[in-house]
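K.L.:
Sequence first, then the predicted structure:
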Amino acid sequence: MTWSRRARSGWVIAELVRRIDIRPFDRFLTEELTVPLGMEDTYVGLPQGLGDRVSPMRKMETDADPNGYSTTFSLPVAVHAVVPGAGGVASAGNVARF
């Protein structure tokens, strides 16, 4: 499955969550997954005021990201946007816990 197909499926899942559960995807994820697991530094759509805690993605090799996704998803507007399937922000400890 290509990245773009995974990203599209994230939007479909988020819409299903919203229609079935009523809560927006980011709130559902917080209340049903991250809070119960003690992942207090995990977001899909970083809240305002926390942008200084996020490090931009860095490519390890010049040809590692030919489509420029690391640059796009390092932009503040992308970090703060709810982008299901592609826009998660978490601390290293929270990623390990997950």
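P.N.:
On my side now, so go ahead. All of these numbers come straight from a predicted model, not from anything done at the bench.
K.L.:
Tell me both backbone torsions, phi and psi, for the residue most central in space within the chain.
P.N.:
With distances taken as C-alpha atoms, centre = their mean, G88 lies nearest the centre of the chain, 1.6 Å away. Torsion angles at G88 (phi, psi; degrees, to the nearest 10) stand at phi -80, psi 140.
K.L.:
any idea how far S70 is from the residue lying farthest from the centre of the chain?
P.N.:
Using C-alpha atoms, centre = their mean, the residue of the chain lying farthest from its centre is T62. It sits 23.9 Å away. Noted for T62: a distance of 12 Å to S70, by C-beta to C-beta, to the nearest Å. No exception for glycine: its C-beta is placed from N, CA and C like everyone else's.
K.L.:
Same question for D26.
P.N.:
Taken as C-beta to C-beta, the span from D26 to S70 is 22 Å.
K.L.:
rewinding a little: might you report the residue contacts of the closest residue to the residue nearest to the centre of the chain other than its chain neighbours?
P.N.:
Excluding its sequence neighbours, the residue lying closest to G88 (C-beta to C-beta, 6 or more residues apart in numbering) is V44, at 5.3 Å. Listed by C-beta atoms under 8 Å, 6 or more residues apart in numbering, the contact set of V44 reads F25, D26, L29, V82, V83, P84, G87, G88, V89.
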